[in-house]
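Peer 1: 3D, please:
(one chain, ligands or ions: 2)
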Amino acid sequence: MTVREATLIPGDGIGPEITAATLQVIDALRVKFDWDEEYGGMAAVEKAGTPLPNATLDSIRRTRLCLKGPLTTPVGGGYRSVNVAMRQEFDLYANVRPTKTIVPGGRYEHVDLVIIRENTEGLYVGLDHTFKIGGDRRAMAQAMSIVTREGSERIARYAFEYAKLHGRKKVTIVHKANILKATSGLFLEVSKRVAEQYAGAIACDDKIVDNTAMQLVIRPEQFDVIVTTNLFGDILSDEAAGLIGGLGLAPGANIGTHAAIFEPVHGSAPDIAGKGIANPSAQMLAAAMMLDHVGELEAAKRLRCALEATIVKDRIRTPDLGGRAPTAEFARAVVKRVRT
Ligand code: NAI
Ligand code: MG
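Peer 2: Ligands and ions are numbered 1, 2, ... in the order given. Below you'll find the predicted structure:
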């Protein structure tokens with residue numbers, strides 16, 4: 001049996017709970033990882049005095065593969081987002097977030113879309129400053145958005161290649177080029193040029209982001225693959241998660257040329273941390289994406305099937321999905337499904 005080295009960051013808040021549940025399922029699948037457990041975020045501040053210790057970065061540099069829980073980022077002041085820092089450090093330019101209906105009887109039955117978000121540029125480059133005017137130290141604020149031809153080209157290409165590989169039919173380029181003529185305009189122009197190379201194989205259209213937000217609520221079935229810039233992708237992927245029953249079901253992958261980090265879309269959920277009721281599905285589905293990534297396609301499929309059977313057939317659900325099962329009970333049920 002192949003044993004792969006991988007970095008494990010359980011994370012903050014509900015992170016350790018959903019990660020423990022996920023490891024049980026991976027064990028049951030009989031896929032072996034040699035986990036190097038490291039810290040990040042609040043847990044790292046407590047243990048090492050910094051939110052992103054060198055040991056964590058060194059580990060990912062070595063393993064090039066990481067399963068990660070959510071990390072707490074202070075709002076407003078405090079340290080910079082560790083997630084954003086890691087994405088930039090390893091040039092994890094593609095953020096892939098699939099959204100698919102699992103729970104029947106929800107508001108939408110046939111959602112099956114993937115949002116591919118540019119992960120290193122846009123408004124998330126960290127050029128966000130306040131300025132002093134007169135006696136007011138924070139009289140004015142300015143953020144800079146960086147969009148490059150190269151960055152737009154590689155994410156557009158990633159989206160079309162992803163569509164091809166996964167048998168998807170259409171890529172929608174989402175932008176705000178009517179207002180942000182330079183930044184969003186460049187992204188649109190470059191993406192459309194890439195689309196031409198896939199003409200006949202993958203359909204392509206484009207939509208302005210505000211209209212996309214509305215269309216997602218009115219008729220989400222019309223979307224297949226969406227490719228967009230960093231901030232729009234962040235917002236739309238949470239919205240998409242909401243269509244299918246919430247953040248507890250939404251996984252994400254951060255893919256670069258030299259490393260890949262898999263994580264849930266949601267955060268550390270401080271409101272329910274330590275209560276044992278968090279939904280570990282997003283983290284389990286992130287693990288499934290990681291299994292796909294390393295070529296364990298069969299194990300990934302078994303994981304997804306077991307999870308779906310637990311929720312749909314066994315009707316075992318955590319409170320966020322209207323159920324009563326604690327995290328541990330849900331995990332046991334998925335493990336049982338994996339074994340049958
Ligand atoms: P959040 O995603 O942690 O929580 C939003 C709401 O969804 C809460 O009511 C929470 O209880 C619920 N929720 C989230 N995941 C759930 C799960 N697995 N099961 C059941 N309910 C779940 O977002 P929030 O509160 O805005 O952020 C909390 C912290 O997480 C912040 O410090 C933020 O910066 C960080 N964060 C980290 C991310 C990451 O590490 N990739 C992503 C998003 C936020
Ligand atoms: Mg987000």
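
Peer 1: Need the nearest residue in space to the residue in the stretch 201-340 of the chain that ligand 1 sits nearest to, chain neighbours excluded.
Peer 2: At 2.3 Å from ligand 1, G267 is the closest residue in the stretch 201-340 of the chain, using Cβ to the nearest ligand atom. In this view, the C-beta of every residue, glycine as well, is placed from N, C-alpha and C. Of all residues not flanking G267 in the chain, P70 sits nearest, at 4.7 Å (Cβ to Cβ, 6 or more residues apart in numbering).

Peer 1: do the same with A260
Peer 2: H293 (5.6 Å).

Peer 1: quick check: domain ranges of the chain?
Peer 2: Domain assignment of the chain by automatic domain parsing yields the ranges 1-90+258-340, 101-245.

Peer 1: Go ahead and confirm S152 touches T120.
Peer 2: No. Using Cβ atoms under 8 Å, S152 makes no contact with T120, being 11.2 Å away.

Peer 1: Buried ones in stretch 304-321, by neighbour count?
Peer 2: 304, 306-311, 316-321 (16 or more other Cβ atoms under 10 Å).

Peer 1: Show residues contacting it.
Peer 2: 25, 102-104, 245-249, 277-281, 284-285, 288, 323-327, 329-330, 333-335, 337-338 (Cβ atoms under 8 Å, 6 or more residues apart in numbering).

Peer 1: average pLDDT across that stretch?
Peer 2: Stretch 304-321 shows a mean pLDDT of 96 in the predicted model.

Peer 1: go on, stretch 253-263?
Peer 2: 96.

Peer 1: So A331 sits against D27, correct?
Peer 2: No. The criterion here is Cβ under 8 Å, and A331 misses it with D27 at 10.8 Å.

Peer 1: Neighbour count: the two, which is higher?
Peer 2: A331 (23 against 13; other Cβ atoms under 10 Å).

Peer 1: Got the phi and psi for that one?
Peer 2: phi -60, psi -40 (degrees, to the nearest 10).

Peer 1: swap in R4?
Peer 2: Dihedral angles for R4 - degrees, to the nearest 10 - are phi -100, psi 140.

Peer 1: With that, I have no additional questions.
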